[in-house]
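J.: Let me see the structure of the following:
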Amino acid sequence: MEIGSIGIVGAGQMGNGIAHVCALAGYDVVLTDVSQDALDAATALIAANMDRQVSREKIAQADRDAAMGRIRATMTLADAGGTDLVIEAATERETVKQAIFEDLLPHLKPNTILTSNTSSISITRLASRTDRPEKFMGFHFMNPVPIMQLVELIRGIATDEETYQACRGVVDRLEKTAATAEDFPAFIVNRILMPMINEAVYTLYEGVGTVTSIDTSLKLGANHPMGPLALADFIGLDTCLAIMNVLHDGLADTKYRPCPLLVKYVEAGWLGRKSQRGFYDYRGEGEPVPTR
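T.: Residues are numbered from 1 along each chain as shown. Model prediction:
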């Protein structure tokens, strides 16, 4: 199954990164979102990131220009249905994802593959709401997409071999590395990463350490490039909470209970970098300031 065009639903942090790497790899990209402002911001960010790659001699100016020319931004979801592969990269809420796939179905080509960039939700359950569960799978990129090497490929119970190999071929063409995961809550990366972040929040909640001491300890004591609380802010605290809820509900184990402090921050709208406040306050001009 030859993939020549890719539709991306959602122009946020993940969607614009996926559009960036797909366009550079030579795919025709249809980037769609319900907000024109989000589309404008996404295309501007992609252009700025590619300009940075040109300045660092990672790509040639001609390749940058050609890639930008392959990206079509539209608010019409149906336009994505005419592509060979659709990657849903909307918010991490199952009802939203289900609604997107249901709206897409009447506009798909017979052989269009559907995928979700979900970081935790059941692929089998999402696929069951479509007319092609055998052509549906998880396609989980890591953030930031242009930099991170890994892509998790998750088969649903009905995913056929042809679909898997087609998606594997896309990963290869993007010059990234695929890891195959079974369809269990949060798959591999977030099954391991999110409980660590949640435990860091518990450590803060219980007064074992401050934001600074916790992040410094993991950076210098475990050689992590970023502390777990800074990483949570980068990912988005709402996303972290959503994944922990999927783990807690899906595995029915109290060890996955989201920390009450994480819940409180999300309820306050302190979602991390995207809202300018989380475990750090990013509203100043200097270094972010810990909020606890």
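
J.: Any regions of the stretch 1-150 of the chain where pLDDT drops low?
T.: Applying pLDDT under 70 to the stretch 1-150 of the chain flags no residue at all.

J.: could you show me where the helices are in it, in order?
T.: With DSSP state H, counting those that start in this stretch, the ranges of helices along the stretch 1-150 of the chain come out as 13-24, 36-55, 61-69, 94-104, 123-127.

J.: Show me the one of those that comes nearest D233.
T.: D233 sits nearest to helix 13-24 of all the helices of the stretch 1-150 of the chain, at 12.7 Å, using Cβ to Cβ. Yep, even glycine has a C-beta here, placed from its N, CA and C like the rest.

J.: OK, contacts around R168?
T.: 153, 178 (Cβ atoms under 8 Å, 6 or more residues apart in numbering).

J.: what's the distance between it and M1?
T.: Here R168 is placed at a distance of 11 Å from M1 (Cβ to Cβ, to the nearest Å).

J.: average model confidence for stretch 280-292?
T.: For stretch 280-292, mean pLDDT is 94.

J.: In it, which residues are buried?
T.: Neighbour counts over stretch 280-292 (16 or more other Cβ atoms under 10 Å) mark 280, 288, 290 as buried.

J.: what's the answer for stretch 266-284, then?
T.: Applying 16+ other Cβ under 10 Å to stretch 266-284 flags 266, 270-275, 277-280 as buried.

J.: Among those, which has the minimum pLDDT value?
T.: Lowest pLDDT among these: K274, with 93.

J.: my hunch is that it is in a strand, does that hold up?
T.: No - looking at K274 with DSSP: H, G, I helix; E, B strand; the rest coil, it is helix, so not inside a strand.

J.: if I read this right, it contacts I235, doesn't it?
T.: No - using Cβ atoms under 8 Å, K274 makes no contact with I235, being 9.7 Å away.

J.: Now find how far off-centre stretch 228-244 is within its chain.
T.: Computed by Cα atoms, centre = their mean, to the nearest Å, the chain-centroid distance of stretch 228-244 equals 12 Å.

J.: What segments of the stretch 51-200 of the chain are strands?
T.: Secondary structure of the stretch 51-200 of the chain by DSSP state E, counting those that start in this stretch: the strands cover 71-74, 85-88, 113-116, 136-141, 150-155, 177-181.

J.: Which strands or helices does the last one pack on?
T.: The one in question is strand 177-181. Here strand 177-181 touches strand 150-155, helix 161-173, going by 3 or more Cβ pairs under 8 Å, 6 or more residues apart in numbering; DSSP states H and E.

J.: got it, and the fourth one?
T.: Strand 136-141 sits against helix 13-24, strand 113-116, helix 123-127, strand 150-155, helix 161-173, with contacts defined as 3+ Cβ pairs under 8 Å, 6+ apart.

J.: tell me the mean pLDDT over the longest one?
T.: If I follow you right, that is helix 161-173. Mean pLDDT, computed over helix 161-173, is 98.

J.: For that helix, list every residue counted as buried.
T.: 163-164, 166-167, 170-171.

J.: unless I'm mixing things up, I197 is touching C240, no?
T.: Yes - judged on Cβ under 8 Å, I197 makes contact with C240 at a distance of 5.8 Å.

J.: For stretch 55-65, list every residue counted as buried.
T.: Within stretch 55-65, the residues scored as buried using 16+ other Cβ under 10 Å are 59, 63-64.

J.: Kindly report the same for stretch 109-128.
T.: 112-124, 126-127.

J.: And the furthest pair within those residues?
T.: The largest distance within those, taken as Cβ to Cβ, falls between T112 and S120 and amounts to 24.2 Å.
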